[in-house]
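Student: Fold the following for me, if possible:
(2 chains)
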Amino acid sequence: MRNYEVVFVAAPTLTTEELDAFIQHSQTVVEGKGGKVVKVDNWGKKPLAYKIKRYRDGYYVVLTIEGDGPVIAELERRFRVTDTIIRFISVRMDEDQKRAEKIKALRRRKSPPQQAADSQFDLGSEMIPPAEL
Amino acid sequence: MTGPKRFSIRRKRVCKFCAEKITYVDYKDGKLLSHFIPERGKILPRRISGVCSVHQRQLSEAIKRARHLAILPFVAD
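Tutor: Model (predicted):
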């Protein structure tokens, strides 16, 4: 199981009901492929940094999804065929999260001085520079 | 000769992300990323911002993702 974060930008011409319906629809798509939508974060209407398809703003929605590749592939396919979706991006989060956890754990171990320093180096010598600099 | 002495004038560089213990640079945080794009909309080089290499790499990736989502501009003028 992997964690993904999918952000999509919907056209500002949609009503909030239509947007909610679309979010609901993508949720069923994800569940149909064996995935799970953990969190839905609707930012609402926000101005775009540049015009896309002549639109000046869009609805931003962030979906946090647990699932595997085919789930995301299907979801992206749906986004592509939907005209009202003007942008989307899917980012795999689990590896970055794991890395972040590791650094945090390392820091926690470093701060109490009673722990020995020797075991820290083989665990993540490449992780040490960001904490040191 | 007293060569290395010159460097003592230079300000100590601190990576903003390391100082604030940020482990993941979020591409959705337009406000944070906008500190690293000057007027023109380009990515600020780390020789100026003082960001460490690890975080600069994460930062540039995050800026590129944010640009795709129209959170940040590709060019601004």
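Student: My guess is A:E76 contacts A:F88. True?
Tutor: Yes: A:E76 is within contact range of A:F88, at 6.9 Å (criterion: C-beta atoms under 8 Å). Where C-beta positions appear, they are placed from N, C-alpha and C, glycine not excepted.
Student: Looking at those two, which is more packed in?
Tutor: Between A:E76 and A:F88, counting by other C-beta atoms under 10 Å in any protein chain shown, A:F88 is the more crowded of the two (20 against 15).
Student: where in the chain is pLDDT low?
Tutor: No chain in the question, so chain A it is. Confidence mapping of chain A against pLDDT under 70 gives the ranges A:112-133.
Student: other chain: chain B
Tutor: Using pLDDT under 70, chain B drops low at B:1-12.
Student: List, one by one, the residues from it near chain A.
Tutor: Proximity of chain B to chain A is confined to B:14-15, B:17-18, B:21, B:23-24, B:27-28, B:52, B:54-55, B:65, B:67-74 under the rule C-beta under 8 Å from any C-beta of the partner chain.
Student: contacting residues for the most centrally placed residue in chain B?
Tutor: When chain B is reduced to its mean C-alpha position, the nearest residue by C-alpha atoms, centre = their mean turns out to be B:F36, at 4.7 Å. By C-beta atoms under 8 Å, 6 or more residues apart in numbering or on different chains, the residues touching B:F36 are B:43-44, B:49, B:51, B:59, B:63.
Student: Just name the closest of these to chain A, please.
Tutor: Compare each of the contacts of B:F36 with chain A using C-beta to the nearest C-beta and the shortest gap goes to B:V51, at 9.4 Å.
Student: Can you tell me, leaving aside adjacent residues, what's nearest to the closest one?
Tutor: B:C15 (5.0 Å; C-beta to C-beta, 6 or more residues apart in numbering or on different chains).
Student: what about that neighbour, how many residues close to it?
Tutor: 20.
Student: ok, it to A:S111 distance?
Tutor: Using C-beta to C-beta, to the nearest Å, B:C15 is found at 19 Å from A:S111.
Student: can you check A:I65 too?
Tutor: 34 Å.
Student: Would you list the buried entries among the residues of chain B next to chain A?
Tutor: B:15, B:17-18, B:23, B:27-28, B:52, B:54-55, B:65, B:67-73 (16 or more other C-beta atoms under 10 Å in any protein chain shown).
Student: What is the strand or helix carrying A:Q97 packed up against?
Tutor: Element membership for A:Q97, per DSSP states H and E: helix A:94-110. When contacts are defined as 3 or more C-beta pairs under 8 Å, 6 or more residues apart in numbering or on different chains; DSSP states H and E, helix A:94-110 packs onto strand A:2-10, helix A:119-124, helix A:128-132.
Student: Tell me which helix or strand comes right after the longest one.
Tutor: Think strand A:2-10. helix A:16-32.
Student: what sits up against that next one?
Tutor: So helix A:16-32 is contacted by A:10, A:14, A:36-37, A:40, A:42, A:59, A:61, A:63, A:65, A:67, A:71, A:74-75, A:78, A:82, A:84 (C-beta under 8 Å, 6+ apart).
Student: Check which residues of the longest strand along chain A are buried.
Tutor: The strand spanning the most residues in chain A, taking DSSP state E as the definition, is strand A:36-52. Buried residues in strand A:36-52, counted by 16+ other C-beta under 10 Å: A:37, A:46, A:48-49, A:52.
Student: No further questions, thank you.
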